[in-house]
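Quick one: sequence plus predicted model below, questions after.
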Amino acid sequence: MLTRHAAQNLYAPLRTVEPVAGIGRVNLRRGLALDTLLPTLPVHARALAAWRLEDQWVTAVRLTNTAARWLDLDPRALQGNFVAATFQHPNLGPAGTPSDTTVLYLVTRGHGLAESLLPALSPIDASVNLPPAAAAGSTGGARDEK
């Protein structure tokens with residue numbers, strides 16, 4: 001019911017959307033970073049709008065293909081704590097075509113999308129934790145074992 005309401009609000013003429021008791025539009029943080037949402041796919045994701053019913057939120061996310069090939073969308077590739085995920089279309093056409101964009105509806109419980117995303121991890125450089133000689137590749141310790 002929540003996902004259907006969100007889809008109707010985005011795609012149907014507003015005069016045809018029936019109000020549903022308890023569902024209300026909620027504020028969405030502008031510029032929410034969604035880089036970790038589908039890290040294995042070449043897509044750009046942007047949050048469009050969100051609605052809430054009791055302790056469940058649904059957020060509409062626009063997905064745009066940035067590659068020159070078709071992409072199949074699989075909810076198992078999503079990274080985050082979601083109750084449900086529904087794609088408006090099951091695949092994305094090549095970048096620059098009319099079919100390169102769709103909407104993803106993400107349902108979360110207890111909080112909105114921002115709190116359900118995985119944190120972005122930066123690459124680890126283990127050499128920053130080594131002593132200066134070891135980081136420079138010194139083999140002085142190997143000669144001491146004779």
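That came through fine.

Now the longest helix along the chain: buried residues?
Determined from DSSP state H, the single longest helix within the chain is helix 2-11. Using 16 or more other CB atoms under 10 Å as the test for burial, helix 2-11 gives Leu2, Thr3, His5, Ala6, Ala7, Asn9. Every residue, glycine included, has its C-beta placed from N, CA and C.

need the next SSE after that helix, C-terminal direction.
Later in the chain than helix 2-11, the nearest helix or strand by DSSP states H and E is strand 23-26.

so what secondary structure elements neighbour that following strand?
With contacts defined as 3 or more CB pairs under 8 Å, 6 or more residues apart in numbering; DSSP states H and E, the packing partners of strand 23-26 are helix 2-11, strand 43-53.

among the ones you listed, which gets the worst mean confidence?
Sorting those by mean pLDDT places helix 2-11 lowest, at a mean of 92.

sec struct for the residue nearest the centre of the chain, please.
With distances taken as CA atoms, centre = their mean, the residue of the chain nearest its centroid is Leu37 (2.5 Å). Here Leu37 is recorded as coil under DSSP: H, G, I helix; E, B strand; the rest coil.

can you pull up the bridge partners for the residue lying closest to it once chain neighbours are set aside?
Among residues not flanking Leu37 along the chain, Ala45 sits closest, at 5.1 Å (CB to CB, 6 or more residues apart in numbering). Here Ala45 sits in beta bridges with Leu63, going by DSSP bridges.

Ala45 and Thr59 touch, don't they?
No - here Ala45 does not reach Thr59: they are 10.7 Å apart, not a contact under CB atoms under 8 Å.
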